[in-house]
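Peer 1: what follows is a predicted protein model with its sequence.
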Amino acid sequence: MATLPRGSSRRLRRRVEDYALTKVCVFYHPFPVQEGGATGSRVRPYRMRLAFEDLGYEVLDVTGHSSERAGRMREVANDLRRGKRVAFLYGESHTMPPALTDPHHLPLRPLLDPGFLATMKRHGVATGVFYRDIYWRYGDVAPDWPWYKRLIVKPFYRLEWGAYGRYVDHLFLPSRLMAEALPSPWEPERLSALPPGIDPLAAVPNQAARDASRLNLLYVGGVAPPLYDLTPLFEMMRSVPEASLTLSSRADEWQRWQGHYRVPSNVEVVHRSGDELAELYARADLAVVVRQPHEYLDFAMPVKVFEALAYGAPIVSSPDTEIARFVEREGLGWVIEGPTRFRELASELIAKPEVLARAREHVASARERHTWSARARQVAETLGATVT
């Protein structure tokens with residue numbers, strides 16, 4: 001904190017202290033945070049931490065494996081005891097409960113993270129956590145664990161949830177609809193939606209040289225049923241031979257599940273991630289998110305949807321999901337049901353390229369509302385800080 005000269009007014013001192021307060025936050029994640037993650041669960045923590053820094057915050061980092069977190073927790077606790085003022089703590093949960101995120105997955109420090117959240121509460125630090133998902137409550141989409149592993153792991157998920165209920169002031173969710181599926185009720189005024197963000201530096205590809213006689217689609221993501229069953233997407237592609245689809249998935253996942261599908265001839269399967277996707281989006285007219293219906297998808301908001309937004313690609317989505325509601329609400333593409341409607345849409349876009357061009361312009365104009373910086377600003381405002 002800045003040192004004021006003698007004789008400074010009490011009001012001036014308070015203003016300087018308040019400014020210092022708004023410029024310090026704690027960023028918590030029970031796993032190492034690194035650039036270049038290939039999945040949303042790796043991308044999001046890195047982008048959110050960077051966004052707070054871009055907004056001018058001094059970020060006190062409490063991330064890493066348990067030994068690293070423990071040391072950083074002690075440092076933050078010591079700072080608070082010495083009078084350091086912190087605007088808020090923002091946490092990103094992991095797909096595994098914090099007690100099990102070490103490489104050996106042994107719960108050697110089960111109370112480390114709840115104890116840290118308790119320390120923040122004791123010092124009056126406003127605390128918010130993004131609760132990533134609750135797939136562990138859905139037997140058919142949870143990891144393919146043997147029954148005994150499920151018995152061991154679930155209590156630690158409940159320990160994590162119990163700590164949030166006791167020590168967290170505000171819960172951020174991928175969508176508000178997820179509140180209906182939480183393990184126990186949470187007051188509506190203490191939660192809000194915080195979907196993924198985008199990188200504002202992502203270039204919108206120039207479509208001037210595109211082949212107007214064909215429609216190029218791109219799907220990026222999982223292929224493992226039942227959550228990512230792409231059978232409806234392949235049925236749609238068979239109905240429109242003048243369209244082509246590039247499907248990018250993890251190589252090991254595709255190798256395991258490719259026998260589940262009958263892949264049409266107008267579908268190309270590749271395995272790209274990170275910056276390698278830029279070339280695929282440069283060739284794509286549309287990004288598609290079409291899957292079998294599943295209750296888990298009702299509230300899911302994957303990073304890949306916002307990745308498409310970042311590259312200026314209009315989105316085609318299947319109905320009755322939070323993704324579909326987002327696309328309709330923001331005017332970012334089309335929600336279709338079945339091969340017949342897709343064939344109609346494809347024919348219209350090929351016959352009237354100006355419709356596709358207008359859609360791309362609208363998507364490009366919407367990007368600023370959904371940057372990672374906008375998400376970080378929302379967190380700061382929600383938790384009571386003033387962002388300058």
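Peer 2: Right, received. Where do you want to start? Numbers count the residues shown, from 1 in each chain.

Peer 1: hey, let's count contacts and neighbours off CA atoms from now on
Peer 2: OK.

Peer 1: quick one: residues contacting the most centrally placed residue in the chain.
Peer 2: Compute the mean C-alpha point of the chain, and by C-alpha atoms, centre = their mean the closest residue is Pro196, 3.8 Å away. Residues counted as contacts of Pro196 (C-alpha atoms under 8 Å, 6 or more residues apart in numbering) are Arg44, Pro174, Met301, Pro302, Val303, Phe306, His370, Trp372, Arg375.

Peer 1: could you export those to JSON lines, including columns for pLDDT, distance to Gly384 and neighbour count?
Peer 2: Formatted as JSON lines, the contacts of Pro196 follow (pLDDT from 0 to 100; distance: C-alpha to C-alpha, whole Å; neighbours: other C-alpha atoms under 10 Å):
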{"residue": "Arg44", "pLDDT": "91", "distance to Gly384": "22", "neighbour count": "21"}
{"residue": "Pro174", "pLDDT": "91", "distance to Gly384": "21", "neighbour count": "22"}
{"residue": "Met301", "pLDDT": "86", "distance to Gly384": "25", "neighbour count": "22"}
{"residue": "Pro302", "pLDDT": "83", "distance to Gly384": "27", "neighbour count": "17"}
{"residue": "Val303", "pLDDT": "83", "distance to Gly384": "26", "neighbour count": "20"}
{"residue": "Phe306", "pLDDT": "91", "distance to Gly384": "27", "neighbour count": "21"}
{"residue": "His370", "pLDDT": "93", "distance to Gly384": "21", "neighbour count": "18"}
{"residue": "Trp372", "pLDDT": "94", "distance to Gly384": "19", "neighbour count": "24"}
{"residue": "Arg375", "pLDDT": "96", "distance to Gly384": "14", "neighbour count": "22"}
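
Peer 1: among these, which lie within helices?
Peer 2: Within the contacts of Pro196, residues falling in helices by DSSP state H are Arg44, Val303, Phe306, Trp372, Arg375.

Peer 1: in this structure the last one contacts Leu194, no?
Peer 2: Yes: using C-alpha atoms under 8 Å, Arg375 is in contact with Leu194, at 6.7 Å.

Peer 1: tally of neighbours for the spatially closest residue to Leu117 that is not a sequence neighbour?
Peer 2: Distances taken as C-alpha to C-alpha, 6 or more residues apart in numbering put Tyr167 closest to Leu117, at 5.9 Å, once the chain neighbours are dropped. Look at Tyr167: counted by other C-alpha atoms under 10 Å, it has 20 neighbours.

Peer 1: check Val355 too.
Peer 2: 12.

Peer 1: that one: which element?
Peer 2: Per DSSP states H and E, Val355 falls inside helix 353-366.

Peer 1: can you list contacts of that helix?
Peer 2: 204, 212, 285, 309-314, 330-333, 349.

Peer 1: got a list of what Val220 touches?
Peer 2: Val220 touches Leu247, Ser248, Ser249, Lys304, counting by C-alpha under 8 Å, 6+ apart.

Peer 1: from Gly338, how far off is the second one?
Peer 2: Right, Ser248. As for Ser248, its distance to Gly338 is 22 Å (criterion: C-alpha to C-alpha, to the nearest Å).

Peer 1: so which of these two has more stuff around it?
Peer 2: More crowded of Ser248 and Gly338, by other C-alpha under 10 Å: Ser248, with 21 against 15.

Peer 1: state the pLDDT value of the more buried one.
Peer 2: According to the prediction, Ser248 has pLDDT 97.

Peer 1: how about the one 3 residues further on?
Peer 2: The predicted local confidence for Ala251 comes out at a pLDDT of 96.

Peer 1: not counting sequence-adjacent ones, nearest residue to it?
Peer 2: Among residues not flanking Ala251 along the chain, His271 sits closest, at 5.7 Å (C-alpha to C-alpha, 6+ apart).

Peer 1: helix, strand or coil for Glu268?
Peer 2: Taking DSSP: H, G, I helix; E, B strand; the rest coil as the rule, one finds Glu268 in the strand state.
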